[in-house]
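1. Here is the input, now give the coordinates:
(2 chains)
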2 protein chains.
Amino acid sequence: MKNTTLLLSLLLQITIFSHVFAQNGRILNIEEAVMGQVGTFAPATLTALQWRPQTAFYTYASGDSLIQTDARSGKTSLLLTLKQVNDALAKEKLSKIPSIAYVAWKSTDHLTIYAREGKVFFDVIHKKIDRIHRNIEGAAHVEESSVEELLAYTVENNLYIRKPDGETIQLTHDAPMSGIVNGQVVHRNEFGITKGIFWSPQADFLAFYRMDESMVTDYPLVDITARTAELNSTKYPMAGMASHEVTLGIYNMNTGKTVFMKTGEPTDQYLTGIAWAPDAKSVYIALLNRDQNHLRLNEYDATSGELLKTLFEEKNNRYVEPAEPMLFMKTRPDEFIWQSQRDGHNHLYLYNRSGKLITQLTKGEWDVTEIAGFDSKENTVYYVSTQESPLQRHLYTIDMKSVKTILLTAEHGTHHPVMNINEGYFIDRITSTDVPLKIDLCRITGKIVRNLLTAENPYKDIAMPEMEMITLIANDGVTPLYGRLIKPLKSTGDTKHPVIVYVYGGPHAQLVTDTWLGGARLWEYYMAQKGYAMFTLDNRGSSGRGFNFESVIHRRLGELELHDQLTGVNYLKKLPYIDTTRIGVHGWSFGGFMTTNMMLNVAETFKVGVAGGPVMDWSLYEVMYGERYMDMPALNPEGYARANMISKASQLKGKLLLIHGDIDNVVVMQHSLQFIRECVSNNIPIDFFVYPQHKHNVVGKDRIHLMQKITDYFDSNL
Amino acid sequence: MKNTTLLLSLLLQITIFSHVFAQNGRILNIEEAVMGQVGTFAPATLTALQWRPQTAFYTYASGDSLIQTDARSGKTSLLLTLKQVNDALAKEKLSKIPSIAYVAWKSTDHLTIYAREGKVFFDVIHKKIDRIHRNIEGAAHVEESSVEELLAYTVENNLYIRKPDGETIQLTHDAPMSGIVNGQVVHRNEFGITKGIFWSPQADFLAFYRMDESMVTDYPLVDITARTAELNSTKYPMAGMASHEVTLGIYNMNTGKTVFMKTGEPTDQYLTGIAWAPDAKSVYIALLNRDQNHLRLNEYDATSGELLKTLFEEKNNRYVEPAEPMLFMKTRPDEFIWQSQRDGHNHLYLYNRSGKLITQLTKGEWDVTEIAGFDSKENTVYYVSTQESPLQRHLYTIDMKSVKTILLTAEHGTHHPVMNINEGYFIDRITSTDVPLKIDLCRITGKIVRNLLTAENPYKDIAMPEMEMITLIANDGVTPLYGRLIKPLKSTGDTKHPVIVYVYGGPHAQLVTDTWLGGARLWEYYMAQKGYAMFTLDNRGSSGRGFNFESVIHRRLGELELHDQLTGVNYLKKLPYIDTTRIGVHGWSFGGFMTTNMMLNVAETFKVGVAGGPVMDWSLYEVMYGERYMDMPALNPEGYARANMISKASQLKGKLLLIHGDIDNVVVMQHSLQFIRECVSNNIPIDFFVYPQHKHNVVGKDRIHLMQKITDYFDSNL
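-> Coordinates of the predicted model:
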């Protein structure tokens, strides 16, 4: 979208796009509204669609068959049947798999089969099992080396390696209640950390996180299912309090010795972006200070643990948030790509191992959201970005020398490309406000070879309310804000309708997207069927808009977010069919914080609120996330005070229902309980419901009960 | 009440008595409804009314004066002023007391003053302070010997003695977290146990309870007021589980040695009714087995701890529940009075110390509720009983030889006599459905000398709904059940009104009494002002009706209680002004159990329920009370299953609000949470509210919030 067009659309506050479903048909029930979106109403797809490695074939499951198609000719054949796989499994006395979709390509001729007893490696040429990695009792976080077939894994808090001959090595020997955890995720999954075990490329070293939580306060969670309720505490460091200490150990397969990288003081820093040098002589750590405003990309000697060099540093007055490790070029192992938000958006930077910036590859008022791959010479990067629109995701290519960008996908919406660059193809999975799911086979140039699937509208028999995508301007006069309005079903001009604002509003989430249903949950359409207008707006602080848009909330959570939500509410108030005396608000987690924030600070506007798992006081939230956005309580007392809902509880005027899982270990139930206590002390009416033995989200079929409870609350009170 | 009259009234189900208040006047507000009964609307009284020991004078506070009246002549004089007391306190550099009501007679010429710094002994003749028992830091459960001025007390879990010269002796040395508690109440206050320190008459010995709780399961209670919520566990033995072990130690002041009474095995028995022999050579323990169906009244040698003799045993197929220790005759120290329910009612038995029954003093289909005193020769016992009516309490006297009974109080209602037998008087405090409070001075013969106070109706400006006392017959065809109906204010024959059954229904409570407001809470009148009929019935199992009436519920809690409550509901359904489609039910604790029981088992009858602190599964309740009424779970699986509300949660049809204090250590919140979890699993709508940091009852001003919540729930849903 060109800038002039964008500006025009913004100034006029016109609809960018909307979707009008068939207005005739039947009404959803609550079970469908909650479970149907990924069940009954999930768009048709090609199951287990994958490229066969190093070939131009793609495969997918069809019934009990694994079908193979040649991308070049379109010729399709039966590759494998479920029976063939299960016969092979039976020979090894292994359990049958229930579906051919339980397979994934491991190499050109080998599939990995996820059987009950473990991972099985299946030779598709000879239709036989080559190798079995049986489940190891008590093992978790299993990580296989890319060579040598070594398995690293944890049992409770210790780390082990199993060799192909069955030999087992125990790497760490920490007592169960010591507070030391080895080989697992650290820093509560922040900074893109998804694992704690890192094999070196040739499997001669194993790097692993060691986390000492012994100094961290226990938060008492209670298991009420035991005959006498039992304590089941979790280590929960709250903002400003003693945090855990993480180190990186490296086990040497040849010497059998472990050294720890000398990451130094202060020990409550963050060890992010763990990456092996291609030669495995050194390991890289993106070391972030506890204040999260100063990152050093450090190289350590894998054998001695000594700091070899700091490649570069990144500082920011707000925060630095590394989310991806270095990505080394295979053909030029001295070069790597680094992702950084340093210029206000997430972009790709080509560096060499001396720490010298070769070039900033991508640049502009948009974010790279994914590196999709490289050509074989690594001259071209394929990546996904928000360049077309923050609501959309498209595939681009950039020449690393000329820095010339080419857009490869055309149709509006959200593209999920599955690359096969060597053979010159990608499979494009597309969803948009108009498209439930479409799968195209494309040439690497972007040219569509053929359509593999176009899912029909799964709601063709349902009376689906109209959905509209809205663009508004924030109160700074320039920042566009995207919203989604689902209109009451069969609204006539005469009737006034209540409206519910569904809000999240926190970092790392984008609710309004150019995807099927506009990113909404089906429940919102269900509510619109019942006569509610349902509105959602992604305020400043939310994702998809870059670092600047997100980080303006720093040290003042809830403030600009509230302004932006009110921009949305003011828009709603001007709609002729909205009953401005019946405005509700609902959200979960950060959205529960926002719901309460809106109920308390604009008490006259909102009649009813439902806040699930709400943060009520950021000083009761955990260090990593809490301090990134709010700094430590001692360093930002005014900010914490302004964002403290508990101390403002007496401002509540409307009906507010709080909902919490009693073993929520993300936003602990203390938030809701302290807020309720303050309400009780001030004789303020407040409602509450607890989901016993649920954590931060109510999942599974109990979610029907949850959404019915929320629905009933609005039905009764709004 | 004669039997024929009773029968007649029962058969006709006529009103025994009722109270019609002025129907004009203003309406109560919720604060008044909750706090006013013991506040604004508390009947006028004579504050600190007491007999001056060994005299015929009684004293009371009037403004800042302590007034003394001669019962014989009626001559009244000023005895003491607040200023005199505070001047004396100031001389000793003690804080002032805010009211002259902070005094109590200790002897003929000495008052005990409850000052901030401790207990002060004040000589009323010389207007000076004789002695000060300063508070001991950290001390609790202070017990003064009747001679020698010795103070025994606990600090944390250990026991100490302080002598008048300041010398302190530490009697026990158990580590703080050892699970051993000395000198405190044991067995969760069951069996009338109110203290854990027992001085011998001459203070040469100190008997004390030692409780070992180390084998008892911890129940995790959480303090959410700490920055990071903290664990604050309590020892909570559930029915059938390992219970604490109690022993009785005796410290010898002369030898400085402690011996433990050899109470033997099994160690989880109950040590009740601790009593010193008048000569202090032995101590008596009413030893009850864990099954609570076999009591032995044992005598132990205070010096050696040896069992000297078992005076007698009591067995019962249901349970034996000792509640009072032996009461020795002063003039005939070989004789004592024992209270027992062995013949189906609580009566007085005269025994000698060999264990021989001399005579059963009282007998009949009624209960002795209190021994009020003896004449100086101890030939006559004064006692209070339910002989006139289970709803009333009257004073009687019985000659211990002839066993001839005389009724000393006439007016219907509840009499609380304050005896002065030696001087030939008692002060009679009377309350009834007609009388807020009346205080009469009476001769010991019952003749009223003069009225000291007749409180006016505190509700004269309030439009108070009419209250009616009802008698119904249980479904056994013979048992009368007493109920109380508060009628909707200004009900006309034309309007149908919703009705709320307020229920407790468990042992040890009687809600319907011939007292002011009929035993109801003012909130019930408030609800009747709003248009509800408010009904309460004391079902089988409740108190005031004797052991047989109570104990029929044994092993089947909730069963007969439910039948009886339905007898009440059937009565309500026949009233012309009741809307039979709008019946609600509300209760707390056992009443919460009953509320749920009624909602689940007669689901079509009850539209709305509010259950506070409800027992949902008796196997989650504590051993003492739980096993008395239900036996151990392993010995009564069918009984526990039938009374288990959790497993029946899916039978719920009406709207049910559960309310729980999150640190309830009587009925732990696990009851509500497990019930809710079952509702969620079965997708049954259920409501819940929590009172953070409240225990089994919501007390203090937060109670206004609670009652508003309950009111709102009925207003919105019934």
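2. near chain B, which residues of the stretch 151-300 of chain A show up?
-> A:217-220, A:222, A:224-225, A:227-231, A:233, A:236, A:238, A:241 (Cβ under 8 Å from any Cβ of the partner chain). (Glycine included, C-beta is placed from N, CA and C.)
3. Now, these that are in strands?
-> A:218-219, A:222, A:230-231 (DSSP state E).
4. give me phi/psi at residue A:107?
-> Here is the backbone geometry of residue A:107 (degrees, to the nearest 10): phi -150, psi -180.
5. isn't it right up against residue A:52?
-> No. When contacts are counted by Cβ atoms under 8 Å, residue A:107 is not listed as touching residue A:52 (9.3 Å).
6. Between those two, tell me which one has more neighbours.
-> Taking other Cβ atoms under 10 Å in any protein chain shown, residue A:107 and residue A:52 do not tie; residue A:52 has more neighbours (21 against 13).
7. Pull the contacting residues for residue A:543.
-> A:507-510, A:550 (Cβ atoms under 8 Å, 6 or more residues apart in numbering or on different chains).
8. so where does the closest residue to it other than its chain neighbours fall, helix or strand?
-> Excluding its sequence neighbours, the residue lying closest to residue A:543 (Cβ to Cβ, 6 or more residues apart in numbering or on different chains) is residue A:510, at 4.8 Å. Using DSSP states H and E, residue A:510 sits in no helix or strand.
9. ok and the residue in the stretch 351-500 of chain A nearest chain B?
-> The stretch 351-500 of chain A approaches chain B most closely through residue A:498 (17.8 Å), counting by Cβ to the nearest Cβ.
10. burial measure for the residue nearest to residue A:543, as a count.
-> By other Cβ under 10 Å, 16 other residues sit near residue A:510.
11. what does the model give it for pLDDT?
-> Looking at residue A:510, its pLDDT reads 98.
12. any idea how far residue A:328 is from it?
-> 30 Å (Cβ to Cβ, to the nearest Å).
13. just residue A:682 next, same as before
-> Relative to residue A:328, residue A:682 is positioned 59 Å away (Cβ to Cβ).
14. From the neighbour counts alone, determine which of those two ranks first.
-> Ranked by neighbour count (other Cβ under 10 Å), residue A:682 and residue A:328 place residue A:328 first, with 18 against 13.
15. quick revisit: ok now do the residue of the stretch 351-500 of chain A closest to chain B, which residues does it touch?
-> Residues in contact with residue A:498 (Cβ under 8 Å, 6+ apart) are A:531-533, A:579, A:582-584, A:714, A:718.
16. same thing but at 7 Å, please
-> The neighbourhood of residue A:498, defined by Cβ atoms under 7 Å, 6 or more residues apart in numbering or on different chains, consists of A:532, A:579, A:582, A:584, A:718.
17. which of the contacts of residue A:543 tops the neighbour count?
-> Among these, the one with the most neighbours (other Cβ under 10 Å) is residue A:550, at 23 neighbours.
18. any idea whether that residue is helix, strand or coil?
-> Following DSSP: H, G, I helix; E, B strand; the rest coil, the label given to residue A:550 is helix.
19. Pretty sure it sits against residue A:541.
-> Yes. Contact criterion Cβ atoms under 7 Å: residue A:550 and residue A:541 qualify, at 5.7 Å.
20. Give me the common contacts of these two.
-> residue A:507.
21. The helix or strand where the residue of the stretch 351-500 of chain A closest to chain B lies: partners in the sheet, and parallel or antiparallel?
-> Residue A:498 is part of strand A:497-502 when elements are defined by DSSP H and E. Here strand A:497-502 has these sheet partners by DSSP bridges: strand A:533-538 (parallel), strand A:578-588 (parallel).
22. Which among the contacts of residue A:498 count as buried?
-> Listed as buried from the contacts of residue A:498 are A:532, A:582, A:584, A:718; burial here means 16 or more other Cβ atoms under 10 Å in any protein chain shown.
23. Between which two of these is the distance greatest?
-> Maximum pairwise distance among the buried ones among the contacts of residue A:498 (Cβ to Cβ): 9.1 Å, between A:532 and A:582.
24. Show me the shaky parts of chain A.
-> Residue ranges of chain A with pLDDT under 70: A:1-20, A:22-23.
25. Return the residues of it in contact with chain B.
-> By Cβ under 7 Å from any Cβ of the partner chain, the residues of chain A that approach chain B are A:217, A:219-220, A:222, A:224, A:227-231, A:236, A:238, A:662, A:668, A:670, A:673-674, A:676-677, A:680, A:683, A:685, A:687-693, A:702, A:704-705, A:708, A:712.
26. out of these, which are buried?
-> Taking 16+ other Cβ under 10 Å as the criterion, what is buried in the residues of chain A next to chain B is A:217, A:219-220, A:222, A:224, A:228-229, A:231, A:236, A:238, A:662, A:668, A:670, A:673-674, A:676-677, A:680, A:687-693, A:702, A:704-705, A:708.
27. ok, back up a step: in helices, which of the residues of chain A next to chain B appear?
-> Cross-referencing those against helices under DSSP state H gives A:670, A:673-674, A:676-677, A:680, A:702, A:704-705, A:708, A:712.
28. Distance to residue B:364 added to the strands paired with strand A:497-502, as CSV?
-> Shown next, in CSV, are the strands paired with strand A:497-502 (distance: least, Cβ to Cβ, whole Å):
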stretch, distance to residue B:364
strand A:533-538, 72
strand A:578-588, 65
